[in-house]
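# sequence and computational prediction follow.
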Amino acid sequence: MNRIKELRIEQKKTQKDAADFLGMSEQVLSYYERGKREPKLKTWEKLAEYFGVPVPYLMGISNDRDGWDEWSKNTGYSIDEIKNEINRLLESGRISKNEDIQKQIGYAVRSLEGDIPTATNAVLRITTTKLRDVRNFVQDSFLISDEKVVCKLGKLQ
């Protein structure tokens with residue numbers, strides 16, 4: 001059995017609020033809550049986002065409400081690695097304690113993968129770009145003609 005109604009009541013949300021968020025009628029949501037209709041995957045994903053839980057938990061497939069096992073299994077990072085990254089991000093003020101756990105975990109995973117701009121990542125990106133520019137400048141400055149290297153800029157100092 002799915003947990004849509006249980007989470008909606010627990011979070012003190014009305015059917016109208018949830019239905020409006022999903023862009024559907026209250027009647028359709030009621031069918032989902034009572035198990036008379038099965039949501040499509042996109043709807044499950046929107047519902048999970050709305051309630052701040054993983055889809056498998058919402059569907060009643062998993063009892064892992066925060067999704068630690070799912071995140072670990074799907075990313076290859078251990079639960080401890082993810083938790084340590086969340087703590088690091090909280091301590092540095094990069095994420096807020098007020099964010100729901102799914103957003104914290106998602107941000108931590110993206111940070112572990114280097115997808116989040118950080119001071120270190122920004123410096124590395126800028127340095128890489130500048131080195132590429134220097135390499136291209138040097139390559140463009142020399143011509144190889146009849147096995148002689150000729151500097152287009154004159155004498156190389």
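Thanks, I have it. Numbers count the residues shown, from 1 in each chain.
# for the protein, which segments count as strands?
142-145, 148-151 (DSSP state E).
# now the helices for this protein?
Applying DSSP state H to the chain gives helices spanning 4-10, 15-22, 26-34, 41-51, 55-59, 68-75, 79-91, 101-112, 119-141.
# what distance do you get for the residue nearest the centre of the chain to E45?
When CA atoms, centre = their mean is applied to the chain, the residue found nearest the centroid is G106 (4.4 Å). Using CB to CB, to the nearest Å, G106 is found at 13 Å from E45. Glycine gets a C-beta too; all of them are placed from N, C-alpha and C.
# low-confidence ranges in the protein?
Along the chain, segments meeting pLDDT under 70 span 117-122, 142-157.
# ok, E113 - contacts?
Counting by CB atoms under 8 Å, 6 or more residues apart in numbering, E113 touches T75.
# measure it to I95 for me?
On the measure of CB to CB, E113 and I95 end up 15 Å apart.
# neighbours around the closest residue to T14 other than its chain neighbours, how many?
Leaving aside its sequence neighbours, T14 sits nearest to R8 (CB to CB, 6 or more residues apart in numbering; 7.8 Å). As a burial measure, R8 scores 19 neighbours (other CB atoms under 10 Å).
# check the one 4 residues further on too.
In terms of burial, K12 registers 7 neighbours under the definition other CB under 10 Å.
# next: the one 10 residues further on.
As a burial measure, the neighbour count of L22 was computed by other CB under 10 Å and equals 18.
# before we move on, what about W71?
Residues near W71, counting by other CB under 10 Å, number 21.
# show me what contacts it?
Neighbouring residues of W71 by CB under 8 Å, 6+ apart: Y77, I79, I82, I105, V109.
# buried subset of those?
Y77, I82, I105, V109 (16 or more other CB atoms under 10 Å).
# pull the most distant pair out of the residues you listed.
Greatest spatial distance among these (CB to CB): Y77 and I105, at 9.8 Å.
# noted, bye for now.
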